[in-house]
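[1] Give the three-dimensional model of this entry:
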Amino acid sequence: MDKNKLLHIIKQGENETLEFKLTFSKLVIETIVAFSNTEGGRIIFGINDNQYD
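    Numbering: from 1, shown residues only. Down below sits the predicted model:
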């Protein structure tokens, strides 16, 4: 994935299939489980939840 596509995805913000996580934590594991029990999704690390609001 190129930089411009990644920035575009980030600017769209979190939704049902996209989560931002600043660091790896128990919440990440819960998100992975939730995504695996639904339609899947993406987790982007190093971004604060409200950094791009």
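[2] As a check, name the ranges of all helices in the chain.
    Here the chain has its helices, by DSSP state H, at 3-12, 26-36.
[3] Give me whichever of those is most buried.
    helix 26-36 (a mean of 12; mean count of other CB atoms under 10 Å). In short, each C-beta sits where N, CA and C put it, glycine included.
[4] could you dump the helices of the chain to JSON lines with distance to G46?
    Shown next, in JSON lines, are the helices of the chain (distance: least, CB to CB, whole Å):
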{"stretch": "helix 3-12", "distance to G46": "10"}
{"stretch": "helix 26-36", "distance to G46": "12"}
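[5] now the ones you listed as CSV including mean pLDDT and distance to N48?
    CSV is the format used below for the helices of the chain (pLDDT from 0 to 100; distance: least, CB to CB, whole Å):
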stretch, mean pLDDT, distance to N48
helix 3-12, 94, 11
helix 26-36, 95, 13
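[6] Any idea which of those gets closest to F45?
    Across the helices of the chain, F45 has its closest neighbour in helix 26-36 (8.1 Å, CB to CB).
[7] just checking, what packs against that closest one?
    Secondary-structure packing of helix 26-36 (3 or more CB pairs under 8 Å, 6 or more residues apart in numbering; DSSP states H and E): strand 18-21, strand 42-45.
[8] how does it look with 7 Å?
    strand 18-21 (3 or more CB pairs under 7 Å, 6 or more residues apart in numbering; DSSP states H and E).
[9] Quick test: name the residue nearest the centre of the protein.
    Nearest to the mean C-alpha position of the chain, by CA atoms, centre = their mean, lies E19 at 2.4 Å.
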